[in-house]
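Undergrad: For reference, the sequence and a predicted model appear below.
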Amino acid sequence: MKAVIVAFDRFTDVDVFLPWDLLNRVRFRDKEFSVRIVGPSPKHRSVCGLELPMHGGVEECNHADIVYFSSGPGTRDLIKDEHFLKQLRLDPNNQIICSMCSGALILAALGILEGMSATTYPTAIEELRGFGVEVETTKHLVTHGNIGTAAGCLAAIDLMGWAIEKLYGQVVRQDVIASVLPVGQGQACIY
């Protein structure tokens, strides 16, 4: 099993690193599970200025079990980048495809959200509607089959929990999420 997190120039830091942490906690249950951060270039700089080397290119998305698109101002460039979009041949029937906040714009540009509703960060609502997507403005998580969109950085906990449960079941999801909850709200840590 493999998960990929798509980063790019001007990605939102927490929207890459929180899912990275949560998905890597699955490895304590399944040593064969891998998590990789991929992007259109060998390294990318976050909104906060952190330079991050990529583990590989975006073509890895085409064969991953979980594909997660992060957010940030850089999504606006990617939805206009035909070379980037053409590299992605995703299969919602066989892959779990997720987006955080403005990452939903990439899903829309790929046609993945056609005929579906989705959620996104308030600053991207009108852009997402411009793709003909029905935007659910009062929900932080919207799922349809293997496609999940989330809005608000901390919604990554629920989005990753949903994706983990689709692959590994409710027990693994509960263990992973419990391991990051504030003391007194979670269960035994899986570490």
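TA: Here it is on my side, so go on.
Undergrad: List phi and psi for Leu22.
TA: phi -60, psi -50 (degrees, to the nearest 10).
Undergrad: Identify the bridge partners of Pro53.
TA: Lys43 (DSSP bridges).
Undergrad: Mind pulling up the pLDDT for it?
TA: pLDDT for Pro53: 98.
Undergrad: I'd say it and Pro42 touch.
TA: Yes - at 6.6 Å, Pro53 and Pro42 qualify as touching, with contact defined as Cβ atoms under 8 Å. Glycine gets a C-beta too; all of them are placed from N, C-alpha and C.
Undergrad: For the helix or strand bottoming out on mean pLDDT in the chain, enumerate the helices and strands it packs against.
TA: Lowest mean confidence among the helices and strands of the chain (mean pLDDT, DSSP states H and E): helix 170-178, at a mean of 92. In terms of contacts (3 or more Cβ pairs under 8 Å, 6 or more residues apart in numbering; DSSP states H and E), helix 170-178 is packed against helix 13-25, helix 156-168.
Undergrad: May I have the last one as CSV, with CA atoms only?
TA: Which is helix 156-168. Output of helix 156-168 as CSV, limited to C-alpha atoms (Å, rounded to 0.1, in the frame of the first residue of the first chain):
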residue,chain,number,x,y,z
ALA,A,156,-7.1,16.9,7.7
ILE,A,157,-7.5,14.7,10.8
ASP,A,158,-11.0,13.7,9.6
LEU,A,159,-10.0,13.4,6.0
MET,A,160,-7.0,11.2,6.7
GLY,A,161,-9.1,9.2,9.2
TRP,A,162,-11.6,8.6,6.4
ALA,A,163,-8.9,7.5,3.9
ILE,A,164,-7.2,5.3,6.5
GLU,A,165,-10.5,3.6,7.4
LYS,A,166,-11.2,2.9,3.7
LEU,A,167,-7.9,1.0,3.4
TYR,A,168,-7.4,-0.5,6.9
